[in-house]
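# Below are the sequence and a predicted model for it; my questions follow.
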Amino acid sequence: MIKNRLYISDANKCLELLENNSIKVIYIDPPYNTKNKKFEYNDNNENWIEDMKNILNKAYLTLKIEGVIFISIDDTMFSELKLICDEIFSKKNFIGTFITRQATRSNTKQINTIHEYILCYGKNKNLVPAFSVYRKDLLVYKEIINDLILKIKTIYLNYNKSYAEKELKKSLKEYLKKDGFDWIKNYNLVDDNGEIFFAKDLSTPSEPKELYIEEINLTLPKLKTRGWVSKEKIIKLYKENKLYFKNDRPYEKHYLIDSKDNAMSILNFYSRQGKHDLEKLGMGDMFSTAKPVELIKYLIKISSNKNDIILDFFAGSGTTAEAVLKLNKEENSERKFILCQIDEKILNNKKSIEKLKSYNYKNSIASITKLRLKKLEKLYNYEYEIIE
């Protein structure tokens, strides 16, 4: 069984060591080639386009047929990167672009640039599942969903179900005045525990026929134009107490707390959170461009299953590893990470070099990655190997 891994090497050599068709998700945050001399790494590469072509060609081979790649970039090389990816992954496999809000202010002269991008491609877009997320986890819906659930539950406990449903419908009228809330109108019922749900139809476009389910002593009459879902599905819903009957017809209870939507293209994960993540590990000021753990965790969550392998061959401070470990803990899953970081010297950050020296690590970006993985051991009690 594959272990969590950190390769101390350049991306090309790392990718050559990996099996073809083995990786479900790749996330990379490559140097943006901004020519900025203040970073801990060299961000001036005259061969950036050619180098990215070579690396991404190899990365393509490692992806499973249903795999995806996410690439962070800013305006500097966005158009060039898009053309490279269109060539390697094909335009037809372009899934979309996330726009990440980075800050509230920037130092640019004409436009207050506060965003970056994440390009997303599939190896075969047709085989990539929908990037669905719980609405309760989306910033635009989170507060309203939680407040509504609490309000109706409280009314139910203090009064009764009928009154709770009446107040629910009043609230829904107000929410429907908001843009993007059309979906919530269906959640207009309250169950015997005070939970909000909508009644989902259990018929299918199939041959109409009577369905007798002996296991639960239920007979469903023949419908005029449609058939019923499988009896296995109805038995499962019955055992989960998710059947709702109206006019002697069964429906599925679809709870508001479980409602999902496709991932939105605008993401609010501020860049300063990446620094805060390092501060929690006692590594503040060691790496100035660390991405937020929650951002990478979000991308992994919407695009992978619980036993998939996540690859990052521009590992930097090791954010992707922490994102995988945190998600595993939250979901009781067993995703694995493979990181790769070249052993280049740290530039422009004496604090980082001194901190590494205090831990008996040498001056290199890869040492920052190593130190973070070491500190994460105490939080997540996981195993990994370093290959140099």
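Yep, that arrived. Numbers count the residues shown, from 1 in each chain.
# How about K329, nearest residue that isn't a chain neighbour?
When the adjacent residues along the chain are set aside, K329 lies closest to Y380, with 6.3 Å between them (CB to CB, 6 or more residues apart in numbering). In this view, the C-beta of every residue, glycine as well, is placed from N, C-alpha and C.
# Tell me who's in contact with that neighbour.
L325, K326, N328, K329 (CB atoms under 8 Å, 6 or more residues apart in numbering).
# Ramachandran angles for the second one?
Per-residue torsions, K326: phi -70, psi -40 (degrees, to the nearest 10).
# For the residue lying closest to it once chain neighbours are set aside, give me its contacts.
Nearest non-adjacent residue to K326, counting by CB to CB, 6+ apart: K297, 5.7 Å away. With contact taken as CB under 8 Å, 6+ apart, K297 is in contact with A323, V324, K326, L327.
# can you give me the helices for this protein?
Assigned helices in the chain, in chain order: 11-17, 48-62, 78-89, 139-158, 161-175, 231-239, 272-280, 293-303, 319-331, 350-358, 365-380 (criterion: DSSP state H).
# Save those helices as JSON lines, and put in distance to C120 and mean pLDDT too.
Output for the helices of the chain, formatted as JSON lines (distance: least, CB to CB, whole Å; pLDDT from 0 to 100):
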{"stretch": "helix 11-17", "distance to C120": "19", "mean pLDDT": "96"}
{"stretch": "helix 48-62", "distance to C120": "13", "mean pLDDT": "97"}
{"stretch": "helix 78-89", "distance to C120": "9", "mean pLDDT": "98"}
{"stretch": "helix 139-158", "distance to C120": "19", "mean pLDDT": "93"}
{"stretch": "helix 161-175", "distance to C120": "30", "mean pLDDT": "95"}
{"stretch": "helix 231-239", "distance to C120": "33", "mean pLDDT": "95"}
{"stretch": "helix 272-280", "distance to C120": "20", "mean pLDDT": "92"}
{"stretch": "helix 293-303", "distance to C120": "8", "mean pLDDT": "96"}
{"stretch": "helix 319-331", "distance to C120": "15", "mean pLDDT": "97"}
{"stretch": "helix 350-358", "distance to C120": "31", "mean pLDDT": "94"}
{"stretch": "helix 365-380", "distance to C120": "24", "mean pLDDT": "96"}
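# how about those helices, which one is nearest L127?
helix 293-303 (12.3 Å; CB to CB).
# quick one: that closest one to helix 319-331, angle?
Here helix 293-303 points in a direction 60 degrees away from that of helix 319-331 (axes from the mean of the first three to the mean of the last three CA atoms, to 10 degrees).
# May I have helix 293-303 as CSV, with CA atoms only?
Below are the C-alpha coordinates for helix 293-303, written out as CSV (Å, rounded to 0.1, in the frame of the first residue of the first chain):
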residue,chain,number,x,y,z
VAL,A,293,-5.0,24.9,4.0
GLU,A,294,-8.8,25.3,3.6
LEU,A,295,-8.4,26.2,-0.1
ILE,A,296,-6.5,23.1,-1.0
LYS,A,297,-8.7,21.0,1.3
TYR,A,298,-11.8,22.3,-0.5
LEU,A,299,-10.4,21.4,-4.0
ILE,A,300,-9.4,17.9,-2.8
LYS,A,301,-12.8,17.4,-1.2
ILE,A,302,-14.8,18.3,-4.3
SER,A,303,-12.7,16.2,-6.7
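# could you check the angle helix 272-280 makes with it?
Helix 293-303 and helix 272-280 are oriented at 110 degrees to each other (the same axes, to 10 degrees).
# now helix 293-303, how far from the centre of its chain.
The gap between the average C-alpha position of helix 293-303 and the chain average comes to 3 Å, counting by CA atoms, centre = their mean, to the nearest Å.
# for stretch 69-79, same thing?
Stretch 69-79 has its C-alpha centroid displaced from the chain centroid by 18 Å (CA atoms, centre = their mean).
# Could I get the contacting residues of N12?
N54, I55, K58.
# Let's have those residues in JSON lines, adding neighbour count and distance to L138.
Supplementary listing: the contacts of N12 in JSON lines, determined by neighbours: other CB atoms under 10 Å; distance: CB to CB, whole Å:
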{"residue": "N54", "neighbour count": "14", "distance to L138": "37"}
{"residue": "I55", "neighbour count": "21", "distance to L138": "33"}
{"residue": "K58", "neighbour count": "19", "distance to L138": "35"}
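# Pull the residues that contact stretch 230-243.
Stretch 230-243 is contacted by residues L202, L211, I213, E215, I216, L218, L220, W228, P250, Y251, E252, K253 when judged by CB under 8 Å, 6+ apart.
# That one: which residues count as buried?
K231, I234, I235, L237, K242, L243 (16 or more other CB atoms under 10 Å).
# so which of the residues you listed comes closest to F198?
Closest to F198 out of those is K242 (11.9 Å), distances taken as CB to CB.
# Distance check, that closest one against I152.
Distance of K242 to I152, given as CB to CB, to the nearest Å: 18 Å.
# can you check Y251 too?
When distance is defined by CB to CB, Y251 is 19 Å away from I152.
# Could you do L63 as well?
Distance check for L63 against I152: by CB to CB, it reads 44 Å.
# Please apply the same query to E195.
8 Å.
# out of those two, which sits in the busier spot?
With other CB atoms under 10 Å as the criterion, E195 and I152 differ in neighbour count, and I152 comes out ahead with 22 against 17.
# Contact partners for the more buried one?
A164, E167, L168, S171, V190, G194, I196.
# how about a cut-off of 6 Å?
Taking CB atoms under 6 Å, 6 or more residues apart in numbering as the criterion, I152 is in contact with A164, L168, I196.
# Same question for P221.
Contacts for P221 (CB under 6 Å, 6+ apart) come out as E210.
# Just give the nearest non-adjacent residue to K53, would you?
Here the nearest residue to K53 in space, its sequence neighbours aside, is I84; by CB to CB, 6+ apart that works out to 5.6 Å.
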